[in-house]
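In: Let me see the structure of the following:
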Amino acid sequence: MREKQVLSSVIRSRDAWARVAGHVERNDFSEQGWVVWAAVSDYYDTDPAAASADAGILGEAIARTIPADKHKDMFRNLVAGLSEAEVSPANVVADLLATKRERVGRQLAAALLEGTDAHRLIEEYTTLQHTEDLVDADETEARQGMSVRELVEDKFDPSNLIKIVPEALNKRLGGGVKPGHHLILFARPEMGKTMCTIEMMAGFARQGLPVLYIGNEDPVDDINMRLVNRMSGMTKEQVLADPDDADLRAREAGYDNVVLVSLAPGTPREITALIEKYEPAVLVLDQLRNLNMSQDNYVLALENAAKQARQWAKRYSCVVVSVTQAGDSADRKAVLDMGDVDYSNTGIPAQADVMIGLGANDNLKGRGEVCISLPKNKVSGRHEYFTVLTQPQLSKLSDLA
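Out: This is a model prediction of the structure:
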């Protein structure tokens, strides 16, 4: 392993660190290299939103753990040099993973020939294969000297924003989101994740946007009925009594713009094929935790699922809404934060542009309300919370007067 290139890459790119973190070992580094690697890992664990590591802070953090002044300066200079080195993090990561996979492949082949237990090697080989797929899916965009007018008109024109409902949420996002953004919706069971998802899909469809919903949690026909309820404004009982009227109302509201697909549970390759087939402006993944990421480590699988979702957003220039669970810490809690995401209070938040938490205490539940929190909001920077009214029979969220 090229130690300096790897350390330079993970200092400059959190994404590079996240991709290789599960595949490096203590004996991959020199004594000095391992100290730097551990410090970088602590840095990103402390700040889930950090896109890169500050060399000055990193050097001082290491210096505080070392008694000798000459060694303090040595590490400060080492970190400074690593941070300034010219490297391509994506290529360094790809090379590291390919090298690791080749080595594990040779070990696996030998174990199979010898008839020894190869379960661990098969698991490691499969994990490396999938992680390489994630790297291959990444794409790089570069900008130099772009006209400011072109930047504003092409990328930041308010008329190009995709609006999010309810309006109270859209307002706090500065009028909407752009293609390429990744939104993560999280809540405890029975707190309204599906209701909020359907509210959003109905809003996208009313704007004339093609929406691809991929569900692996609830029966797709149940989701379809709830979408009809929302888009027709009719309860299930009313739809059953007059399906033709419900059909007309729903289609007038943009019902034909939504494609609902059931996968059990769904792999990245299957979802990629569906994206390329339907070319959605909005992709909804319900739920993130059920995707088949070919890994037994649940935390790592969740984080890789979130990375893959973000890559779809970038690669296909669409908005991705990922739905996942909140942990026990969110029980009976109105205002949620990043640490309330189930099983991943670092990896999943790091892959989101916007995090939308749904919570409620007993008082809110009694009033038929839910609290929407924005613990992460890179779109407008407004980390706020507010309450909305729920109408479960219509899968509708409404702004409070």
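In: all strands of the stretch 51-200 of the chain, in order?
Out: Under the criterion DSSP state E, counting those that start in this stretch, strands of the stretch 51-200 of the chain are mapped to 182-187.
In: just the helices in it please.
Out: For the stretch 51-200 of the chain, the helices defined by DSSP state H, counting those that start in this stretch occupy 55-63, 69-84, 89-114, 119-137, 148-155, 167-172, 193-206.
In: Would you mark the buried spots in the second one?
Out: For helix 69-84, the neighbour count (16 or more other CB atoms under 10 Å) marks 72, 75-76, 78-79, 82-83 as buried. All C-beta spots, glycine's among them, are computed from the backbone N, C-alpha and C.
In: tell me which of those is nearest to A21?
Out: L82 (17.0 Å; CB to CB).
In: wait, what's in contact with the residue nearest to A264 when sequence neighbours are not counted?
Out: In this structure, A264 finds its nearest non-sequential neighbour in N216, 5.9 Å apart by CB to CB, 6 or more residues apart in numbering. The contact partners of N216, taken as CB atoms under 8 Å, 6 or more residues apart in numbering, are 262-266, 286-287, 290-291.
In: could you redo the last one with a cut-off of 7 Å?
Out: 263-266, 287, 290 (CB atoms under 7 Å, 6 or more residues apart in numbering).
In: Out of the helices and strands in this protein, which is least certain?
Out: helix 119-137 (a mean of 62; mean pLDDT, DSSP states H and E).
In: neighbouring strands for the strand or helix carrying G357, and are they parallel or not?
Out: Under the criterion of DSSP states H and E, G357 resides in strand 354-359. Take DSSP bridges as the rule and strand 354-359 pairs in its sheet with strand 182-187 (parallel), strand 369-377 (antiparallel).
In: after it comes which helix or strand?
Out: Counting by DSSP H and E, what follows strand 354-359 is helix 362-366.
In: What are the buried residues along that next one?
Out: L364.
In: Quick one: residues in contact with it.
Out: Contacts for helix 362-366 (CB under 7 Å, 6+ apart): 332, 334, 370-371, 387.
In: Just the buried ones out of those, please.
Out: With burial judged by 16+ other CB under 10 Å, the buried subset of the contacts of helix 362-366 is 334, 370-371, 387.
In: Just name the closest of those residues to R12, please.
Out: Distances from R12 to the buried ones among the contacts of helix 362-366, taken by CB to CB, are shortest for C371, at 37.7 Å.
In: so the closest one sits right up against R332, yeah?
Out: No: in this structure, C371 is not within contact of R332 by CB atoms under 7 Å, at 11.6 Å.
In: Contacts only, for V239.
Out: Here V239 is in contact with 228-229, 232, 246 (CB under 7 Å, 6+ apart).
In: Please indicate which of those residues are buried?
Out: Neighbour-count burial (16+ other CB under 10 Å) applied to the contacts of V239 gives 228-229, 232, 246.
In: and the residue most central in space within the chain, helix, strand or coil?
Out: Taking CA atoms, centre = their mean as the criterion, A306 is the residue nearest the geometric centre of the chain, at 3.5 Å. Classification of A306 using DSSP: H, G, I helix; E, B strand; the rest coil returns helix.
In: re earlier: please tabulate the contacts of helix 362-366 in a markdown table and include distance to Q107 and pLDDT as additional columns.
Out: Listed next are these as a markdown table, based on distance: CB to CB, whole Å; pLDDT from 0 to 100:
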| residue | distance to Q107 | pLDDT |
| --- | --- | --- |
| R332 | 49 | 93 |
| A334 | 51 | 96 |
| V370 | 51 | 97 |
| C371 | 51 | 97 |
| T387 | 56 | 97 |
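In: right, and out of those residues, which lies closest to A273?
Out: The closest of the contacts of helix 362-366, once distances to A273 are taken by CB to CB, is V370, at 35.0 Å.
In: partner residues bridging the closest one?
Out: Where V370 sits in a bridge, its partners, by DSSP bridges, are V388.
In: Now do it against G254, distance only.
Out: Distance from V370 to G254, counting by CB to CB, to the nearest Å: 24 Å.
In: pLDDT below threshold where in the chain?
Out: For the chain, applying pLDDT under 70 flags the ranges 1, 48-49, 123, 125-141, 155, 294-296, 344-345, 401.
In: Tell me how it divides into domains.
Out: Here the domain parsing of the chain from automatic domain parsing is 3-137, 154-399.
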